[in-house]
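1. Got a sequence here, can you build the structure:
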Amino acid sequence: MLQEELPKLMVRSFARKKEVLELGYKRMMEARDKSVRYWDSRMAHRLWEPLVPGDIVLAYNKSLEDQWEKLFHNQWNGPYRVVEQAPGRSYVLEELDGTRMARRFAAAHIKRFYARGNRLQDQEEEEGVEE
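-> Model (predicted):
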């Protein structure tokens, strides 16, 4: 009796395959959206003032995180110049000589660059004097 039911079960399984794949895809996209909203809520304090083209930034070198021999190496590369903000809040960067970087960088892996000796407080005071 089981051998007689097996072909019927296989046909039913193939018929449901598309439905199951669509349901899985829908759930995956919902999970991604939920993850993006969660990440945005956690990183909201960093997104107050988005970077604009021309801003000078440093990019985080994530590859050094798991390498013990490079534990105390500088984990921020740069400086780079922001070219544009791509969809999804990632940024396109270029070297200061104008050479465009091959990949985009997530907003969480970028921070503003302040030249040595120029603290944020000093820059805000200078901007206040100019206005």
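2. Quick check: the gap between Q75 and E30.
-> Taking Cβ to Cβ, to the nearest Å as the measure, Q75 falls 34 Å from E30. Where you see a C-beta, it was placed from the backbone N, CA and C, and this is true even at glycine.
3. Show me which of the two is the more surrounded one.
-> Counted by other Cβ atoms under 10 Å, Q75 and E30 do not tie: Q75 has more neighbours, with 15 against 10.
4. separation between that one and M28?
-> Computed with Cβ to Cβ, the distance linking Q75 and M28 is 32 Å.
5. R116 too?
-> As judged by Cβ to Cβ, R116 and M28 stand 46 Å apart.
6. report the longest helix in the chain, please.
-> helix 2-42 (DSSP state H).
7. Past that one, which element shows up next along the chain?
-> With elements assigned by DSSP states H and E, the helix or strand that comes after helix 2-42 is strand 56-60.
8. How about residues contacting the helix or strand following that following strand?
-> As assigned by DSSP H and E, the chain's next helix or strand after strand 56-60 is strand 76-86. Outside of strand 76-86, the residues within contact range by Cβ atoms under 8 Å, 6 or more residues apart in numbering are 50-61, 91-96, 100-101, 104, 111, 113.
9. cutoff 7 Å now
-> Here strand 76-86 makes contact (Cβ atoms under 7 Å, 6 or more residues apart in numbering) with 50-61, 91-96, 100-101, 104, 113.
10. who does that strand pair up with?
-> Neighbouring strands of strand 76-86 in its sheet, by DSSP bridges, are strand 56-60 (antiparallel), strand 90-94 (antiparallel).
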